[in-house]
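*Asks:* missing the sequence, but the structure's below:
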Ligand SMILES: NC(=O)c1ccc[n+]([C@@H]2O[C@H](COP(=O)([O-])OP(=O)(O)OC[C@H]3O[C@@H](n4cnc5c(N)ncnc54)[C@H](O)[C@@H]3O)[C@@H](O)[C@H]2O)c1
Ligand SMILES: O=C(O)C[C@H](O)C(=O)O
Ligand SMILES: [Mg+2]
């Protein structure tokens with residue numbers, strides 16, 4: 001295997017690494033640096049003898065020190081900053097620490113703390129990570145990607161964000177690159193994506209966030225978001241450059257605004273290996289959670305009535321995948337679409353509305369169907385729940401507290417096991433907390449959230465709350481696509497991923513989580529990867545030959561271990 005970074009002075013040798021770097025350059029290269037773990041021989045050969053204290057420590061000893069330092073950080077934001085610095089210093093140690101304390105540290109490197117890190121990006125800035133592409137220099141896109149010094153076969157994955165809709169907190173301009181960094185950390189911790197073969201990209205198209213525009217410390221392009229043809233040309237330049245320079249890389253899109261996310265995916269999904277996490281990753285993991293819920297409820301996809309509150313990128317992405325699951329269960333496509341009710345800012349979406357987004361149109365209800373429904377300017381969630389008696393309620397609205405006690409009690413009155421998924425992130429945006437939903441449904445609610453939340457004990461039963469976050473899905477999807485060298489990401493590959501996740505949750509015990517536990521992310525991702533790669537092969541989309549997929553997936557997983565390093 002080639003280790004990315006060859007042009008940065010290192011590549012893989014016989015079971016180890018070989019480098020032309022010497023002295024401080026070795027210590028300053030996070031994928032080479034082992035801190036105090038260089039052996040005396042390596043110190044001599046690499047010119048480090050005078051640059052390090054005498055002791056030689058093992059990875060485990062450094063791990064213990066790093067864990068102690070982590071705990072000395074007083075806030076989650078400072079813990080996040082500490083981990084970012086560790087990653088910039090010694091990447092093996094960072095991933096080992098993260099992997100050993102995944103449940104504790106995932107909320108710090110990823111959601112919800114990553115939201116705080118993004119807001120504070122320009123103020124907490126210490127050093128760059130990733131590639132910063134500017135809409136003001138469209139002709140420099142390819143050159144900027146080439147600045148990393150990576151070769152055509154060196155890259156498996158690129159995560160890019162234009163930061164228009166970061167989580168549920170809106171436009172955060174250049175700071176949005178940290179969502180790409182956070183997603184990649186999860187890719188590696190969960191699925192062993194080689195961190196030297198993955199690139200975070202910030203697409204800086206400006207920002208409409210007034211606070212950023214007037215902040216003297218802001219480090220991004222200080223102008224409004226560019227939209228229209230110039231934006232599209234910039235995206236085109238990015239896709240062309242990325243897929244030409246790195247033809248094996250999957251292009252992952254993260255946290256784009258609703259007017260761009262779907263449009264971009266539709267434009268490129270049959271041309272390159274690409275995937276929108278908020279639409280497709282979220283849709284598939286939510287389907288996984290729903291399938292777990294249906295196993296408990298003892299019902300089938302085609303029996304469901306689904307209300308989606310917040311019909312944006314994620315909400316409609318979820319609607320699409322739930323509709324497709326109903327179709328796979330035997331329903332006609334139109335009938336399956338009619339089993340979904342979408343609500344957005346203008347209330348229940350109906351076909352007499354003139355301001356619907358194109359992707360909302362298929363879900364608009366016939367206006368005549370709702371003539372007698374109560375309106376207070378619009379048909380709100382309470383009325384839809386009262387009329388429809390949904391079996392599944394999804395929250396992707398960013399409206400904190402939107403699932404009120406009255407609404408939830410009304411839903412639970414008509415359904416034995418209501419499936420309620422308040423998925424908005426981060427914590428301050430969630431539609432309702434499980435600690436409220438469980439008592440409001442007298443323990444009958446089947447609940448998952450997007451953020452990690454503690455278990456809830458009610459009436460003697462402890463309810464584990466599954467995290468229906470796309471983090472349970474995209475790492476395995478990316479690994480599977482990498483192993484298969486998939487040409488494109490198909491709907492069938494997403495459905496296979498959802499089925500694989502759902503199959504791993506043991507939902508039999510009362511209060512059991514509908515999804516596998518976050519601690520098992522690595523094995524979940526491996527299972528998802530096998531399902532995705534096999535599906536790609538079955539659909540004729542694999543460019544690699546799969547002989548023993550499970551073995552190939554295991555072999556492809558990067559391990560956070562110090563490798564012997566020799567001087568070239
Ligand atoms: N759990 C996960 O894995 C996951 C994945 C993706 C997104 N999300 C979360 O879902 C939320 C939405 O993300 P998105 O990317 O779809 O954003 P988005 O902006 O595309 O969608 C949000 C939608 O909610 C609508 N909305 C706002 N206020 C509303 C109201 N009062 N009533 C009804 N609808 C309202 C908006 O008009 C918009 O259409 C975010 O909080 C995000 O963090 C979670
Ligand atoms: O990033 C996350 O935690 C999930 C999702 O992609 C989101 O935008 O909220
Ligand atoms: Mg997202």
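*Replies:* Received it, and whenever you're ready, just let me know what you need. Keep in mind it's a predicted model, so treat the numbers as computed, not measured. Numbering: from 1, shown residues only. Ligands and ions are numbered 1, 2, ... in the order given.

*Asks:* going forward, measure contacts between C-alpha atoms and count neighbours the same way
*Replies:* Fine.

*Asks:* does any bit of stretch 508-516 sit next to ligand 1?
*Replies:* No. For stretch 508-516, no contact with ligand 1 is found by Cα under 6 Å from any ligand atom; the gap never falls below 12.6 Å.

*Asks:* actually stretch 161-177, not the one I typed
*Replies:* Yes. Shown here: stretch 161-177 in contact with ligand 1 (Cα under 6 Å from any ligand atom) through 167, 168.

*Asks:* where exactly do the helices run in the stretch 1-150 of the chain?
*Replies:* Here the stretch 1-150 of the chain has its helices, by DSSP state H, counting those that start in this stretch, at 24-27, 40-46, 59-71, 76-89, 91-100, 102-109, 113-119, 121-124, 141-146.

*Asks:* Residues touching the fifth one, excluding its own?
*Replies:* Looking back up the chat, that one is helix 91-100. If you take Cα atoms under 8 Å, 6 or more residues apart in numbering as the criterion, helix 91-100 is touched by 30-31, 33-34, 59, 62-63, 66-67, 83, 86-87, 105-106, 188-190, 560-562.

*Asks:* Try it again at 6 Å.
*Replies:* The contact list for helix 91-100 (Cα atoms under 6 Å, 6 or more residues apart in numbering) reads 30, 31, 86, 87, 189, 560.

*Asks:* which residues does the first one contact?
*Replies:* Spelled out, it's residue 30. Counting by Cα under 6 Å, 6+ apart, residue 30 makes contact with 88, 89, 90, 91.

*Asks:* Weed out the non-buried ones from those residues.
*Replies:* For the contacts of residue 30, a burial check counting by 16 or more other Cα atoms under 10 Å picks out 88, 89, 90, 91.

*Asks:* and stretch 343-352, does that touch ligand 1?
*Replies:* Yes. With Cα under 6 Å from any ligand atom as the measure, stretch 343-352 is seen reaching ligand 1 through 343, 344, 345.

*Asks:* Just among the residues you listed, which is most surrounded?
*Replies:* residue 343 (27 neighbours; other Cα atoms under 10 Å).

*Asks:* what about the closest residue to residue 273 other than its chain neighbours, which SS state?
*Replies:* Nearest non-adjacent residue to residue 273, counting by Cα to Cα, 6 or more residues apart in numbering: residue 488, 3.9 Å away. Judged by DSSP: H, G, I helix; E, B strand; the rest coil, the three-state class of residue 488 is coil.

*Asks:* Residue 488 contacts residue 271, doesn't it?
*Replies:* No. Counting by Cα atoms under 6 Å, residue 271 is not a contact partner of residue 488; they are 7.3 Å apart.

*Asks:* Just want to know which of the two has more residues nearby.
*Replies:* The neighbour comparison of residue 488 against residue 271 (other Cα under 10 Å) goes to residue 488, with 21 against 13.

*Asks:* Tell me the pLDDT of that one.
*Replies:* Per-residue pLDDT puts residue 488 at 98.

*Asks:* before we move on, what about residue 260?
*Replies:* Looking at residue 260, its pLDDT reads 97.

*Asks:* ok, then the element right after the helix or strand hosting it?
*Replies:* Using DSSP states H and E, residue 260 maps to helix 258-268. Downstream of helix 258-268, the first helix or strand assigned by DSSP H and E is strand 274-276.

*Asks:* Which residue is the nearest non-sequential neighbour of whichever residue of the stretch 451-568 of the chain sits closest to ligand 1?
*Replies:* In the stretch 451-568 of the chain, the residue found nearest to ligand 1 is residue 469; the distance is 3.3 Å by Cα to the nearest ligand atom. Residue nearest to residue 469 in three dimensions, not counting chain neighbours: residue 450, with 4.7 Å by Cα to Cα, 6+ apart.

*Asks:* number of nearby residues for that neighbour?
*Replies:* When neighbours are defined as other Cα under 10 Å, residue 450 has 26 of them.

*Asks:* Please list all residues in contact with it.
*Replies:* For residue 450, the contacting residues are 423, 467, 468, 469, by Cα under 6 Å, 6+ apart.

*Asks:* Just the pLDDT for the residue in the stretch 51-200 of the chain that ligand 2 sits nearest to.
*Replies:* Using Cα to the nearest ligand atom, the closest approach of the stretch 51-200 of the chain to ligand 2 is made by residue 167 at 3.6 Å. At residue 167, the pLDDT value in this model is 97.

*Asks:* residue contacts, it?
*Replies:* Residue 167 is in contact with residue 425, counting by Cα under 6 Å, 6+ apart.

*Asks:* Residues of the stretch 251-400 of the chain that sit close to ligand 3?
*Replies:* Within the stretch 251-400 of the chain, the positions near ligand 3 by Cα under 5 Å from the ion are 255, 278.
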